[in-house]
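S.K.: Take a look and give me a structure for this.
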Amino acid sequence: MEGMATKFAPAERSIAEELLNEKATIDAITQFGDLLNALPYVAAILNSRRQIIYSNNVLLESIGKTTIDEILGMRPGEALSCVNAHREEGGCGTSEYCKVCGAVRAIVESQQLKQKIVKECRITSVINNEEISADYLVSATPFRWEGKAYTILTLNDISHEKRRKVLEKIFFHDIINKAGSLSGFLDMLRNTDVPGQIKEYLRLAGIISDELTGEILAQKSLLEAESGDLEVEFKNLLSLDLVKNNVSQMIHHPVADKRNIEIDPSSENLPFYSDMLILNRMLLNMLKNALEATPEKEKIIIGCNKLVNGVIFWVHNSSEMPGDVKLQVFQRSFSTKGANRGLGTYSIKLLGERYLKGKAYFKSEKGFGTRFYLELPLKPLPDNAGTKEQK
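M.R.: Below you'll find the model as predicted:
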């Protein structure tokens with residue numbers, strides 16, 4: 001399989017006979033099996049073309065396999081059912097998305113530099129037709145045996161640690177800030193007797209109080225969604241009414257200061273069936289993300305239109321996202337806002353697709369800007385035990 005095209009790492013693979021010979025070579029090192037199986041996380045031996053020729057039981061069990069023969073010759077992303085593993089004919093490591101993959105980069109760098117490389121990696125796998133995201137600490141260590149180059153690859157799932165850090169940085173940071181702002185307005189109320197000022201301070205305090213409650217509920221929903229415990233309550237809704245409600249809330253948010261929000265005039269007030277609380281949080285998130293990417297004195301546009309069997313919501317801003325950002329937008333823990341951010345777009349995809357049975361995607365191009373879309377069915381078929389319906 002020589003000469004295959006790639007957009008990042010080499011695409012060429014070893015033929016079956018070579019793989020079997022390499023596997024037999026590693027099998028002959030009797031200590032390897034015991035050492036790898038002693039590890040509590042995923043471990044594999046790769047050949048020089050990043051193909052698996054040996055793995056520990058943790059890897060096999062995590063992907064529902066019983067023997068190495070079932071994944072022999074696969075690359076790590078292929079064995080883990082990564083959503084990007086088959087975007088190109090060359091498989092794992094050969095798409096443009098692989099340029100920002102910590103696992104592929106660690107393997108390639110370790111091969112080139114002949115030293116151990118450690119990186120973090122976000123992998124979204126498709127399991128039972130659902131996308132599951134995880135964060136890994138990846139280690140790639142090169143070694144030679146009988147004149148051939150190999151790599152010891154380990155993947156330690158640090159999703160819980162990343163989740164905790166994100167919650168600490170985002171949730172507690174934002175909650176403390178909002179609580180501090182609310183306390184400040186209450187202090188000003190206590191120190192003024194001007195009726196006009198009292199009314200304005202009460203209005204602003206009410207907004208902050210609503211945001212505080214919304215922040216708590218949003219984090220609660222995300223945790224429940226990831227654990228599969230989120231209850232979805234479908235009811236009859238009107239699309240344009242939802243858009244107007246969310247715009248009226250967001251125009252008072254600090255991120256909307258000196259920026260305009262417009263509702264596209266072609267928007268339609270379509271009846272459909274969905275969960276109002278979840279959808280409201282998603283639309284607010286889409287608006288907030290667009291406003292954060294928009295310079296002062298510019299505008300964002302939100303709209304909703306009819307599809308053949310559904311409704312589509314969209315939010316547009318004039319800025320194009322950088323190339324590496326486009327490749328990681330929906331990954332958990334990724335953000336353009338710095339370390340330990342990045343639940344916004346991830347939660348849109350998680351909630352919109354797994355729970356509301358829709359589809360979340362985006363378009364970002366020079367001259368067009370960036371537009372996030374959320375397609376929803378007119379009436380999804382509830383299939384989870386936590387679903388309630390209301391007329």
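
S.K.: would you put the C-alpha positions of stretch 311-325 in CSV?
M.R.: Output in CSV follows, covering the C-alpha atoms of stretch 311-325 (Å, rounded to 0.1, in the frame of the first residue of the first chain):
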residue,chain,number,x,y,z
VAL,A,311,-36.6,23.1,11.8
ILE,A,312,-33.1,24.6,11.7
PHE,A,313,-31.7,27.2,14.1
TRP,A,314,-28.6,29.1,13.2
VAL,A,315,-26.3,31.9,14.5
HIS,A,316,-24.0,33.8,12.3
ASN,A,317,-21.0,36.1,12.9
SER,A,318,-18.7,37.7,10.4
SER,A,319,-15.4,36.3,11.6
GLU,A,320,-13.8,33.1,10.1
MET,A,321,-12.3,30.6,12.6
PRO,A,322,-8.6,29.7,12.3
GLY,A,323,-8.0,26.3,10.6
ASP,A,324,-6.8,24.5,13.7
VAL,A,325,-9.9,25.7,15.6
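
S.K.: so how far is that stretch from its chain's centroid?
M.R.: 15 Å (CA atoms, centre = their mean, to the nearest Å).

S.K.: before we move on, what about stretch 57-66?
M.R.: So, by CA atoms, centre = their mean, the centroid of stretch 57-66 is 24 Å from its chain's centroid.

S.K.: Over to that stretch now: how far is its first residue from its last?
M.R.: This stretch, stretch 57-66, spans 8 Å end to end (CA to CA, to the nearest Å).

S.K.: Same check on stretch 20-37?
M.R.: So stretch 20-37: terminal residues 21 Å apart, CA to CA.

S.K.: repeat for stretch 250-264
M.R.: 16 Å.

S.K.: helices or strands up against the longest strand along the chain?
M.R.: Of all segments of type strand in the chain, defined using DSSP state E, the longest is strand 130-145. For strand 130-145, the packing partners by 3 or more CB pairs under 8 Å, 6 or more residues apart in numbering; DSSP states H and E come out as helix 102-113, strand 117-127, strand 148-157, helix 159-166. In short, each C-beta sits where N, CA and C put it, glycine included.

S.K.: worst average pLDDT in these?
M.R.: Note on the helices and strands packed on strand 130-145: lowest mean pLDDT is at helix 159-166, with a mean of 68.

S.K.: in stretch 357-376, what's buried?
M.R.: 357-358, 360, 362, 364, 369-376 (16 or more other CB atoms under 10 Å).

S.K.: How about stretch 288-296?
M.R.: 288-291, 293-294.

S.K.: what's in contact with it?
M.R.: By CB atoms under 8 Å, 6 or more residues apart in numbering, the surrounding residues in contact with stretch 288-296 are 250, 253, 255-259, 261, 300, 315-319, 321, 337, 344-345, 370, 372.

S.K.: what's the answer for stretch 118-138, then?
M.R.: With CB under 8 Å, 6+ apart, stretch 118-138 has contacts from 42, 77, 80-84, 101-103, 105-106, 139-140, 153-159, 161-162, 328, 330-334, 346, 349-350, 353-354.

S.K.: List the buried residues in that stretch.
M.R.: 119, 121-125, 132-138.

S.K.: thinking again about what came up before, only whichever of the contacts of stretch 118-138 are buried, select them in ChimeraX.
M.R.: Buried subset of the contacts of stretch 118-138, written as a ChimeraX selection, criterion 16+ other CB under 10 Å:
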select :42,77,80,81,82,83,84,101,102,103,105,106,139,140,153,154,155,156,157,158,159,162,328,330,331,332,333,334,346,349,350,353,354
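
S.K.: thinking again about what came up before, from the buried residues of stretch 357-376, which land in helices?
M.R.: The members of the buried residues of stretch 357-376 all map outside helices under DSSP state H.

S.K.: Need the max-distance pair from the residues you listed.
M.R.: Within those, two members stand farthest from each other by CB to CB: K357 and G369, at 28.1 Å.

S.K.: where do the helices sit along this structure?
M.R.: Under DSSP H, the chain gives helices at 16-27, 30-37, 57-62, 76-79, 102-113, 159-166, 173-190, 195-227, 239-250, 276-292, 323-326, 344-349.

S.K.: residue contacts, L59?
M.R.: Counted by CB under 8 Å, 6+ apart, L59 has contacts 42-44, 71, 79.

S.K.: Let's test this: mean pLDDT of the longest strand of the chain, rounded?
M.R.: 90.

S.K.: Tell me what angle that strand forms with strand 117-127.
M.R.: Using axes from the mean of the first three to the mean of the last three CA atoms, to 10 degrees, the inter-axis angle of strand 130-145 relative to strand 117-127 is 140 degrees.

S.K.: Given strand 130-145, what are its sheet partners and their directions?
M.R.: Counting by DSSP bridges, the strands paired with strand 130-145 are strand 117-127 (antiparallel), strand 148-157 (antiparallel).

S.K.: So, low pLDDT: which residues of the stretch 251-391 of the chain?
M.R.: 331-344, 381-391 (pLDDT under 70).

S.K.: My understanding was that Y355 contacts L230; is that so?
M.R.: Yes: between Y355 and L230 there is a contact under CB atoms under 8 Å: 6.1 Å.

S.K.: who touches both of these two?
M.R.: What both Y355 and L230 touch, as defined by CB under 8 Å, 6+ apart, is the set I278.

S.K.: So the two - more neighbours on which side?
M.R.: Counted by other CB atoms under 10 Å, Y355 and L230 do not tie: Y355 has more neighbours, with 24 against 21.

S.K.: What residue, apart from its backbone neighbours, is nearest the more buried one spatially?
M.R.: Of all residues not flanking Y355 in the chain, V232 sits nearest, at 5.2 Å (CB to CB, 6 or more residues apart in numbering).

S.K.: ok, of the contacts of stretch 288-296, which come out buried?
M.R.: Here, 16+ other CB under 10 Å leaves 250, 253, 256, 259, 261, 300, 315-318, 321, 344-345, 370, 372 buried among those.
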